[in-house]
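Q: compute the structure for the input listed below.
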Amino acid sequence: MNRLEKILSENLKGRETLCPGRETAINSEFLETKLKSLLQSEGDWRAFEDFLLGFILTLQENFPGNLFYDLDYFLWSIVRTSKEEEFVFQNELQKKKDLIQKIFTTFGIHSKIKFQYAHDFLYGYDWCKWVREKQLGEKDITPFGYPFLLYILGRGKDMLQLVESDSLEYPSLEANSKSFRNPFLFQRSPSQEALVMRSLASEGKLPVLGWDLDFTPAPEVDFLKIRFERAQDLGISENRDKGAHKI
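A: Next comes the predicted model:
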(Lines give C-alpha, C1' and ligand atoms only; values in the text may rest on other atoms or scores of the structure.)
Protein backbone atom coordinates (compact mmCIF):
# COMPACT_ATOMS: atom_id res chain seq x y z
CA MET A 1 0.00 0.00 0.00
CA ASN A 2 1.45 3.37 -1.02
CA ARG A 3 1.60 6.39 1.29
CA LEU A 4 -1.35 8.10 -0.33
CA GLU A 5 -3.58 5.04 -0.28
CA LYS A 6 -2.88 4.44 3.40
CA ILE A 7 -4.28 7.87 4.32
CA LEU A 8 -7.26 7.48 2.00
CA SER A 9 -8.22 3.97 3.09
CA GLU A 10 -7.96 4.80 6.78
CA ASN A 11 -9.76 8.14 6.73
CA LEU A 12 -12.01 8.63 3.69
CA LYS A 13 -15.41 7.06 4.30
CA GLY A 14 -16.74 6.15 0.90
CA ARG A 15 -14.82 6.37 -2.35
CA GLU A 16 -17.68 6.80 -4.82
CA THR A 17 -16.47 8.00 -8.20
CA LEU A 18 -17.98 9.64 -11.25
CA CYS A 19 -15.17 8.41 -13.48
CA PRO A 20 -16.52 6.13 -16.22
CA GLY A 21 -14.97 2.70 -15.89
CA ARG A 22 -13.45 3.27 -12.46
CA GLU A 23 -14.82 1.51 -9.38
CA THR A 24 -13.20 3.63 -6.68
CA ALA A 25 -12.45 7.33 -6.49
CA ILE A 26 -8.81 8.45 -6.62
CA ASN A 27 -6.21 6.40 -8.44
CA SER A 28 -3.73 6.73 -5.60
CA GLU A 29 -0.94 4.76 -7.27
CA PHE A 30 -0.95 6.89 -10.42
CA LEU A 31 -1.39 10.13 -8.48
CA GLU A 32 1.48 9.31 -6.13
CA THR A 33 3.74 8.52 -9.09
CA LYS A 34 2.93 11.91 -10.61
CA LEU A 35 3.45 13.71 -7.30
CA LYS A 36 6.94 12.26 -6.92
CA SER A 37 8.11 14.65 -9.64
CA LEU A 38 7.08 17.57 -7.41
CA LEU A 39 7.45 16.31 -3.84
CA GLN A 40 11.20 15.80 -3.82
CA SER A 41 11.91 15.80 -0.09
CA GLU A 42 10.55 13.98 2.93
CA GLY A 43 9.48 17.34 4.34
CA ASP A 44 7.40 18.03 1.23
CA TRP A 45 5.73 14.62 1.47
CA ARG A 46 4.89 15.12 5.14
CA ALA A 47 3.45 18.55 4.41
CA PHE A 48 1.29 17.08 1.66
CA GLU A 49 0.14 14.19 3.85
CA ASP A 50 -0.82 16.69 6.55
CA PHE A 51 -2.75 18.72 3.98
CA LEU A 52 -4.54 15.63 2.64
CA LEU A 53 -5.55 14.32 6.06
CA GLY A 54 -6.76 17.73 7.20
CA PHE A 55 -8.71 18.20 3.97
CA ILE A 56 -10.43 14.82 4.22
CA LEU A 57 -11.41 15.30 7.86
CA THR A 58 -12.71 18.82 7.25
CA LEU A 59 -14.65 17.73 4.17
CA GLN A 60 -16.37 14.88 5.98
CA GLU A 61 -17.07 16.93 9.09
CA ASN A 62 -18.84 19.66 7.15
CA PHE A 63 -20.34 17.63 4.29
CA PRO A 64 -21.08 14.14 5.70
CA GLY A 65 -23.69 13.61 2.98
CA ASN A 66 -21.25 14.21 0.13
CA LEU A 67 -21.51 11.47 -2.49
CA PHE A 68 -18.49 11.64 -4.80
CA TYR A 69 -14.78 12.03 -4.09
CA ASP A 70 -12.78 12.35 -7.29
CA LEU A 71 -9.94 14.37 -5.74
CA ASP A 72 -7.17 13.49 -8.20
CA TYR A 73 -7.17 16.75 -10.16
CA PHE A 74 -7.80 18.85 -7.05
CA LEU A 75 -4.81 17.40 -5.20
CA TRP A 76 -2.55 17.57 -8.25
CA SER A 77 -3.57 21.19 -8.86
CA ILE A 78 -3.01 22.21 -5.22
CA VAL A 79 0.50 20.74 -5.20
CA ARG A 80 1.46 21.98 -8.65
CA THR A 81 0.42 25.59 -8.01
CA SER A 82 2.00 25.55 -4.55
CA LYS A 83 5.32 24.57 -6.12
CA GLU A 84 5.62 27.76 -8.16
CA GLU A 85 8.93 29.52 -7.61
CA GLU A 86 7.69 32.44 -5.55
CA PHE A 87 6.10 30.17 -2.93
CA VAL A 88 7.66 28.32 -0.01
CA PHE A 89 5.89 25.02 -0.61
CA GLN A 90 5.22 23.83 2.94
CA ASN A 91 4.00 27.26 4.05
CA GLU A 92 1.83 27.49 0.96
CA LEU A 93 0.14 24.17 1.64
CA GLN A 94 -0.61 25.20 5.21
CA LYS A 95 -2.16 28.48 4.00
CA LYS A 96 -4.35 26.64 1.50
CA LYS A 97 -5.32 24.06 4.11
CA ASP A 98 -6.46 26.82 6.47
CA LEU A 99 -8.30 28.67 3.69
CA ILE A 100 -10.19 25.59 2.50
CA GLN A 101 -11.10 24.71 6.08
CA LYS A 102 -12.68 28.17 6.44
CA ILE A 103 -14.55 27.68 3.16
CA PHE A 104 -15.98 24.33 4.22
CA THR A 105 -17.03 25.53 7.67
CA THR A 106 -18.67 28.56 6.06
CA PHE A 107 -20.81 26.52 3.66
CA GLY A 108 -21.25 23.18 5.45
CA ILE A 109 -23.93 21.65 7.64
CA HIS A 110 -22.83 23.40 10.85
CA SER A 111 -23.24 26.80 9.22
CA LYS A 112 -26.39 28.84 8.67
CA ILE A 113 -25.83 28.32 4.95
CA LYS A 114 -25.98 24.54 5.38
CA PHE A 115 -25.27 23.06 1.96
CA GLN A 116 -25.49 19.28 1.69
CA TYR A 117 -22.70 18.56 -0.80
CA ALA A 118 -19.23 19.81 -1.69
CA HIS A 119 -19.77 18.76 -5.31
CA ASP A 120 -20.12 22.31 -6.63
CA PHE A 121 -16.70 23.10 -5.20
CA LEU A 122 -14.92 19.85 -6.10
CA TYR A 123 -16.35 19.47 -9.61
CA GLY A 124 -16.03 23.11 -10.57
CA TYR A 125 -19.52 24.62 -10.61
CA ASP A 126 -18.49 27.31 -8.14
CA TRP A 127 -15.43 27.99 -10.29
CA CYS A 128 -17.57 28.12 -13.44
CA LYS A 129 -19.84 30.72 -11.86
CA TRP A 130 -16.85 32.81 -10.75
CA VAL A 131 -15.18 32.77 -14.16
CA ARG A 132 -18.35 33.68 -16.01
CA GLU A 133 -19.32 36.42 -13.55
CA LYS A 134 -15.91 38.06 -13.46
CA GLN A 135 -15.02 37.50 -17.14
CA LEU A 136 -11.44 36.77 -16.12
CA GLY A 137 -8.43 36.48 -18.36
CA GLU A 138 -6.73 33.13 -18.87
CA LYS A 139 -3.98 33.76 -16.32
CA ASP A 140 -6.51 34.14 -13.50
CA ILE A 141 -8.68 31.07 -13.92
CA THR A 142 -6.97 28.19 -12.14
CA PRO A 143 -9.90 26.21 -10.65
CA PHE A 144 -8.29 25.82 -7.20
CA GLY A 145 -5.90 28.77 -7.21
CA TYR A 146 -5.83 31.58 -4.69
CA PRO A 147 -8.03 34.05 -6.61
CA PHE A 148 -10.86 31.51 -6.75
CA LEU A 149 -10.43 30.30 -3.16
CA LEU A 150 -10.48 33.86 -1.83
CA TYR A 151 -13.53 34.64 -3.96
CA ILE A 152 -15.51 31.66 -2.70
CA LEU A 153 -14.71 32.45 0.93
CA GLY A 154 -15.78 36.07 0.40
CA ARG A 155 -18.95 34.87 -1.32
CA GLY A 156 -19.67 32.69 1.68
CA LYS A 157 -19.35 35.61 4.06
CA ASP A 158 -21.69 37.67 1.89
CA MET A 159 -24.15 34.78 1.80
CA LEU A 160 -24.11 34.49 5.60
CA GLN A 161 -25.08 38.15 5.84
CA LEU A 162 -27.99 37.51 3.46
CA VAL A 163 -29.11 34.53 5.55
CA GLU A 164 -28.91 36.52 8.75
CA SER A 165 -31.06 39.24 7.20
CA ASP A 166 -33.54 36.59 5.99
CA SER A 167 -33.24 37.73 2.39
CA LEU A 168 -35.52 36.48 -0.38
CA GLU A 169 -32.78 34.51 -2.14
CA TYR A 170 -31.11 33.20 1.01
CA PRO A 171 -33.75 33.05 3.73
CA SER A 172 -32.95 31.75 7.18
CA LEU A 173 -33.72 28.08 7.81
CA GLU A 174 -35.93 27.04 10.67
CA ALA A 175 -34.10 26.38 13.91
CA ASN A 176 -33.04 22.75 14.28
CA SER A 177 -34.25 22.02 10.77
CA LYS A 178 -33.00 18.73 9.30
CA SER A 179 -33.33 20.04 5.77
CA PHE A 180 -30.46 21.46 3.73
CA ARG A 181 -30.36 24.69 1.78
CA ASN A 182 -30.93 24.27 -1.95
CA PRO A 183 -30.96 27.59 -3.85
CA PHE A 184 -31.22 25.82 -7.21
CA LEU A 185 -34.37 25.52 -9.29
CA PHE A 186 -34.15 21.71 -9.39
CA GLN A 187 -34.28 19.24 -6.52
CA ARG A 188 -31.05 17.69 -5.26
CA SER A 189 -31.87 14.72 -3.06
CA PRO A 190 -29.04 12.14 -2.98
CA SER A 191 -30.67 9.98 -5.66
CA GLN A 192 -31.41 12.99 -7.86
CA GLU A 193 -27.94 14.44 -7.38
CA ALA A 194 -26.33 11.12 -8.29
CA LEU A 195 -28.51 10.72 -11.38
CA VAL A 196 -27.64 14.15 -12.78
CA MET A 197 -23.94 14.01 -11.91
CA ARG A 198 -23.44 10.52 -13.32
CA SER A 199 -25.27 11.43 -16.52
CA LEU A 200 -23.06 14.48 -17.06
CA ALA A 201 -19.86 12.68 -16.08
CA SER A 202 -20.52 9.91 -18.60
CA GLU A 203 -20.28 12.55 -21.34
CA GLY A 204 -17.44 14.56 -19.79
CA LYS A 205 -19.76 17.52 -19.22
CA LEU A 206 -18.57 18.62 -15.79
CA PRO A 207 -16.64 21.88 -15.27
CA VAL A 208 -13.83 19.94 -13.57
CA LEU A 209 -13.21 16.28 -14.42
CA GLY A 210 -11.91 15.48 -10.98
CA TRP A 211 -10.34 12.15 -11.92
CA ASP A 212 -8.31 13.47 -14.89
CA LEU A 213 -4.92 15.04 -14.16
CA ASP A 214 -4.63 16.18 -17.78
CA PHE A 215 -8.00 17.93 -17.73
CA THR A 216 -8.02 21.39 -19.36
CA PRO A 217 -10.58 23.92 -18.04
CA ALA A 218 -13.11 25.29 -20.54
CA PRO A 219 -14.25 28.64 -19.10
CA GLU A 220 -16.20 29.49 -22.24
CA VAL A 221 -18.70 26.66 -21.61
CA ASP A 222 -21.79 27.39 -19.49
CA PHE A 223 -21.79 24.20 -17.44
CA LEU A 224 -24.40 25.61 -15.04
CA LYS A 225 -26.91 25.85 -17.88
CA ILE A 226 -25.94 22.38 -19.10
CA ARG A 227 -26.58 20.91 -15.64
CA PHE A 228 -29.95 22.67 -15.29
CA GLU A 229 -31.08 21.46 -18.70
CA ARG A 230 -29.90 17.92 -17.95
CA ALA A 231 -31.89 17.89 -14.71
CA GLN A 232 -34.97 18.90 -16.69
CA ASP A 233 -34.29 16.24 -19.35
CA LEU A 234 -34.00 13.58 -16.64
CA GLY A 235 -37.33 14.61 -15.12
CA ILE A 236 -35.89 16.02 -11.90
CA SER A 237 -38.65 17.83 -10.06
CA GLU A 238 -38.71 21.60 -9.73
CA ASN A 239 -37.46 22.90 -6.42
CA ARG A 240 -40.21 24.93 -4.77
CA ASP A 241 -38.28 25.74 -1.61
CA LYS A 242 -38.27 29.32 -0.46
CA GLY A 243 -35.18 30.97 -1.89
CA ALA A 244 -34.82 28.75 -4.98
CA HIS A 245 -33.52 31.02 -7.73
CA LYS A 246 -30.36 29.61 -9.37
CA ILE A 247 -29.79 27.39 -12.36
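
Q: what's next to the helix or strand of the chain with the lowest mean pLDDT, contact-wise?
A: Of all helical and strand segments in the chain, the minimum by mean pLDDT, DSSP states H and E falls on helix 125-134, at a mean of 90. Helix 125-134 is contacted by residues 119-120, 136, 140-141, 143-144, 148, 151-152, 207-208, 217, 219, 221-224, 227 when judged by CB atoms under 8 Å, 6 or more residues apart in numbering. For glycine as for every other residue, the C-beta is placed from the backbone atoms N, C-alpha and C.

Q: cool, and stretch 142-158?
A: Contact with stretch 142-158 is made by 73-74, 77-78, 81, 96, 99-100, 102-103, 106-107, 113, 121, 124, 126-127, 130, 134, 136, 140-141, 207-208, 217, as judged by CB under 8 Å, 6+ apart.

Q: do that again at 6 Å, thanks
A: Contacts with stretch 142-158, where a contact means CB atoms under 6 Å, 6 or more residues apart in numbering, come from 74, 77-78, 81, 99, 102-103, 106-107, 124, 126-127, 130, 140, 208, 217.

Q: distance of the most centrally placed residue in the chain relative to Leu173?
A: Centroid-nearest residue in the chain: Leu122, 2.0 Å away (criterion: CA atoms, centre = their mean). Taking CB to CB, to the nearest Å as the measure, Leu122 falls 23 Å from Leu173.

Q: Trp45 now?
A: 42 Å.

Q: now do Ile141
A: 33 Å.

Q: who has more neighbours out of the two?
A: Legend: neighbour count by other CB atoms under 10 Å for Ile141 and Leu173, higher for Leu173 (19 against 16).

Q: for that one, which three-state class applies?
A: coil (DSSP: H, G, I helix; E, B strand; the rest coil).

Q: between the contacts of stretch 142-158, which is nearest Lys242?
A: Nearest to Lys242 out of the contacts of stretch 142-158 is Phe107 (CB to CB; 18.8 Å).

Q: tell me how far that closest one lies from Lys157.
A: 11 Å.

Q: the two: who's more crowded?
A: Set Phe107 next to Lys157 and count neighbours by other CB under 10 Å: Phe107 wins out with 26 against 10.

Q: right, I'll leave it there.
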